[in-house]
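>>> sharing a model that was predicted from the sequence below.
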Amino acid sequence: MITYHNLLFMLAVLFAVWAVMVRNLLTSAIMLALVSVFAALILFDFNAPWAAVFELSVCAGLITVLFIGGVSLVRGDYERNPESRTAFHALPLALAIFAIAAWFGVPEFFGEIEGWKRMASPEGTIGLALWDQRRPDILGQIVMLAAGVFMIKSIFPKKKQETAAERTTK
Amino acid sequence: MSIFSIDWYFITLLAFTGFYGMLVSRNILRQLIGLEIVSKAAMLAVISAGALTSNLMLAQALIITMIVIEVVVVAVGLALLVKAHRISGSADIWKLDSLKG
């Protein structure tokens, strides 16, 4: 029976297939945003609103804007030198074969893994988890952001100003 | 069959789609899109495991960290794309061979 929960997963997979298959890069970026939207809905359905809001605002918003910026740069070249579409068109077939093959083993395997679970202690708040239990993660996030900024700075170095002495020597 | 097994079955399909996209395309942008799909699958796996063990708060904290890392990876990947496009005039990974001996 298809529940709302399973339907969200199915739609996320459907839009992911669409994002990979579609020829137009802009449509692909928009389909990826829709995958993020459905992932956020799944997170809401799991009763995880904080993660869902982050997913919706950052992944469906910010990352899509970044991708659209990238698409606007490479679209002309991509249209002039298109890739062979055969492998992309084969995705539904490959996914269907994989899904049918996986159906006979994967759910049983994950069912076995489910038996290994260890229940956590009674839950606190997201603030407690974020600021007390996972405090090093906050530091890691700050370090990651700083590393990203330094990477981008080093990829696009500022052009050195030509000094007057250098101009006279030329 | 439990809800957890079915969730992880769909997560496996999502990860397969992302990996397939990364494997068949030569375009950096499409590979980043594939990577994003795989990271979505990983994120859903974390929250599903958190829900199974009644540890949603910790799972959410981990997902927030994952999202920050994801943004940095995409931003740096796109910066590399811009640089590669300026140097080789293309986003094709096969043309990134200037270090070839």
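Structure received.
>>> element containing the nearest residue to B:Gly89 once chain neighbours are set aside, please.
Closest residue in space to B:Gly89, ignoring its immediate chain neighbours: A:Asp77 at 6.7 Å, by CB to CB, 6 or more residues apart in numbering or on different chains. Where you see a C-beta, it was placed from the backbone N, CA and C, and this is true even at glycine. Secondary structure from DSSP states H and E places A:Asp77 in helix A:64-80.
>>> tell me the mean pLDDT over that helix?
Mean pLDDT, helix A:64-80: 86.
>>> so the residue nearest to B:Gly89 versus A:Glu83, what's the distance?
11 Å (CB to CB, to the nearest Å).
>>> settle this for me: the residue nearest to B:Gly89 is touching B:Ala84, isn't it.
No. Between A:Asp77 and B:Ala84 there is no contact under CB atoms under 8 Å: 10.9 Å.
>>> now the common contact residues for these two.
Shared contacts of A:Asp77 and B:Ala84 (CB atoms under 8 Å, 6 or more residues apart in numbering or on different chains): B:90-91.
>>> A helix includes A:Arg23, no?
No. Read with DSSP: H, G, I helix; E, B strand; the rest coil, A:Arg23 is coil and lies in no helix.
>>> contacts only, for it.
Counting by CB under 8 Å, 6+ apart, the residues that A:Arg23 touches are A:82, A:85, A:88.
>>> ok, A:Asn6 next?
Per CB under 8 Å, 6+ apart, neighbours of A:Asn6: B:6, B:10.
>>> name the helix or strand for it, please.
Assigned by DSSP H and E, A:Asn6 falls within helix A:4-21.
>>> now that helix: buried residues?
A:5, A:8-9, A:11-13, A:15-21 (16 or more other CB atoms under 10 Å in any protein chain shown).
>>> if we check chain B, which of those residues are in contact?
Among these, the ones lying near chain B by CB under 8 Å from any CB of the partner chain are A:5, A:9, A:12-13, A:16-17, A:19-20.
>>> list phi and psi for the spatially most central residue of chain A.
The residue lying closest to the centre of chain A (CA atoms, centre = their mean) is A:Cys59, at 6.5 Å. Main-chain torsions, A:Cys59, degrees, to the nearest 10: phi -80, psi -50.
>>> which ones are touching the nearest residue to it once chain neighbours are set aside?
Using CB to CB, 6+ apart and skipping residues adjacent in sequence, the residue nearest A:Cys59 is A:Ser36, 4.0 Å away. Neighbour list for A:Ser36: A:55-56, A:59-60, A:63-64, B:40 [criterion: CB under 8 Å, 6+ apart].
>>> flag every buried residue along the strand or helix carrying A:Ser36.
Assigned by DSSP H and E, A:Ser36 belongs to helix A:25-45. Going by neighbour count (16+ other CB under 10 Å), the buried part of helix A:25-45 is A:25, A:28-45.
>>> pLDDT averaged over it - what is it?
Helix A:25-45 comes out at a mean pLDDT of 95.
>>> output it as CSV, nothing but the C-alphas.
Backbone C-alpha positions of helix A:25-45 (Å, rounded to 0.1, in the frame of the first residue of the first chain) are rendered in CSV as follows:
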residue,chain,number,x,y,z
LEU,A,25,21.1,21.9,-17.6
LEU,A,26,18.7,24.5,-16.2
THR,A,27,15.9,22.0,-16.0
SER,A,28,18.3,19.6,-14.4
ALA,A,29,19.2,22.2,-11.7
ILE,A,30,15.5,22.9,-11.1
MET,A,31,14.7,19.2,-10.8
LEU,A,32,17.5,18.9,-8.2
ALA,A,33,15.8,21.7,-6.3
LEU,A,34,12.5,19.6,-6.4
VAL,A,35,14.5,16.6,-5.0
SER,A,36,15.5,18.9,-2.1
VAL,A,37,11.9,20.0,-1.6
PHE,A,38,10.8,16.4,-1.4
ALA,A,39,13.7,15.5,0.9
ALA,A,40,12.6,18.4,3.1
LEU,A,41,9.0,17.1,3.1
ILE,A,42,10.3,13.7,4.1
LEU,A,43,12.3,15.3,7.0
PHE,A,44,9.1,17.1,8.1
ASP,A,45,7.3,13.8,7.9
